[in-house]
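**Q** Need coordinates for the below:
(one chain, ligands or ions: 2)
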Amino acid sequence: MQKLQSIYEGKAKVLYTTEDDGLLIQYFKDDATAFNAQKKGTIHQKGIMNNRIAAKIFEYLSAQGIPTHFVKTLSDREMLVKKVSIVPVEVIVRNRAAGSLCRFLGLAEGTALACPTLEFCYKNDALGDPLINEYHIRALNLATEGEIKEISGMALSINEHLKNFFLKLNIELIDFKLEFGRYNGQIILADEISPDTCRLWEVGTGNKLDKDRFRRDLGNIEQAYQEVLRRVIQ
Ligand code: ADP
Ligand code: UDP
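**A** Ligands and ions are numbered 1, 2, ... in the order given. Presented below is the predicted three-dimensional model:
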């Protein structure tokens, strides 16, 4: 499958059309951004590592019955995906407090949450992806009532599967972001799941194996991504 035309270049990936109208190539870049793109940089070989990590995770979730856009890996940095109409809502699932939740609710980093917690953000770079609730989603026609229920159920189910997946690798899943799309009248998981979009802490040491190393200049960024890849493919 060949790349035809670039239809979208985002902060971390580029999407290309293919000879099949229903399929896109998702190309993973090394570019990294944080704090609503105010901080910019590159992480050496991140695109290659995230392409492999995301593929493994999509394969695992598919095997658990979660519908995803992943079709197959094409190369080091490219995967073939089903072309979806993205629901413009980022879904964040949290198991422990970290990042914006600590600032928002005054919680110490790592505070256990009594139940997995869902948040929705309006996918709008100009507004800085603001936190919204289900009423906003319906009021702005971002998704229907049925779609919100479907997406919420899938996000919580993905959380249970991924918590187990990572725990077997001695990694605790702290929080992560998902994007969903509409495909043939169905809601399916799209975009990527990788250390760019998750907080992953090593069990025992609490070592951060994710993009927080870039956000906070903690050093050993590539090594952390490499370590996640090593465990995921073992
Ligand atoms: P951003 O848009 O936030 O800068 P990326 O650089 O990751 O993010 O760009 C990838 C874009 O592709 C995202 O906007 C995402 O919503 C979109 N996308 C992901 N998977 C699909 C898909 N299967 N079909 C269409 N668009 C997709
Ligand atoms: N996240 C993401 N993309 C975003 C916003 C958040 O992948 O545009 C992920 C982030 O990596 C973390 C989780 O979602 O795993 C929760 O992020 P948070 O709201 O704490 O945002 P932050 O403070 O990190 O910007």
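
**Q** Give me the contacts around the top helix by length along the chain.
**A** Ranked by number of residues, the top helix in the chain under DSSP state H is helix 145-167. Contact with helix 145-167 is made by 57, 60-61, 64, 66, 87, 89, 91, 93, 95, 116, 118, 134, 137-138, 143, 172-173, 176, 178, 180, 182, 187, 189, 193, 198, 200, 203, as judged by Cβ atoms under 8 Å, 6 or more residues apart in numbering. In short, each C-beta sits where N, CA and C put it, glycine included.

**Q** Could I get the buried residue list for it?
**A** When burial is assessed from 16 or more other Cβ atoms under 10 Å, helix 145-167 yields the following buried residues: 147-148, 150-151, 154-155, 158-159, 161-163, 165-166.

**Q** Can you report how many residues lie near whichever residue of the chain sits closest to ligand 2?
**A** Nearest residue of the chain to ligand 2, counting by Cβ to the nearest ligand atom: Gly99, 2.2 Å away. As a burial measure, Gly99 scores 15 neighbours (other Cβ atoms under 10 Å).

**Q** which is the next helix or strand following the longest helix of the chain?
**A** Downstream of helix 145-167, the next assigned helix or strand under DSSP states H and E is strand 171-183.

**Q** And ligand 1, is that following strand touching that?
**A** Yes - counting by Cβ under 6 Å from any ligand atom, contacts between strand 171-183 and ligand 1 involve 179, 181.

**Q** cool, stretch 72-84 as well?
**A** Yes - contact of stretch 72-84 with ligand 1 (Cβ under 6 Å from any ligand atom) involves 81-84.

**Q** Restrict that stretch to CA atoms and write it as CSV.
**A** What follows is stretch 72-84 as a C-alpha-only set of coordinates in CSV (Å, rounded to 0.1, in the frame of the first residue of the first chain):
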residue,chain,number,x,y,z
LYS,A,72,-1.6,-3.7,9.9
THR,A,73,2.0,-2.4,10.3
LEU,A,74,3.5,-1.2,6.9
SER,A,75,6.9,-0.1,7.9
ASP,A,76,9.0,1.3,10.8
ARG,A,77,6.9,4.5,11.1
GLU,A,78,3.7,3.6,9.2
MET,A,79,0.5,1.7,10.0
LEU,A,80,-2.5,1.1,7.8
VAL,A,81,-5.7,2.3,9.5
LYS,A,82,-9.4,2.5,8.7
LYS,A,83,-10.4,6.0,7.8
VAL,A,84,-12.8,7.3,10.4
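
**Q** which parts of it are buried?
**A** 73-74, 77-84.

**Q** Show me what the mean pLDDT comes to for it.
**A** Averaged over stretch 72-84, pLDDT sits at 98.

**Q** Can you give me the pLDDT of the closest residue to ligand 1 within the chain?
**A** Relative to ligand 1, the nearest point of the chain is Gly10 (2.2 Å; Cβ to the nearest ligand atom). At Gly10, the model reports a pLDDT of 96.

**Q** quick one on the thing from earlier: show me which of the contacts of helix 145-167 are buried.
**A** Buried, going by 16+ other Cβ under 10 Å: 57, 60-61, 66, 87, 89, 91, 93, 95, 118, 134, 137, 143, 172-173, 176, 178, 180, 187, 189, 193, 198, 200, out of the contacts of helix 145-167.

**Q** what's the burial count for the spatially closest residue to Ala224 that is not a sequence neighbour?
**A** Nearest residue to Ala224, sequence neighbours excluded (Cβ to Cβ, 6 or more residues apart in numbering): Leu209, at 4.5 Å. Using other Cβ under 10 Å, Leu209 is surrounded by 25 other residues.

**Q** That's all I had, so thanks and see you.
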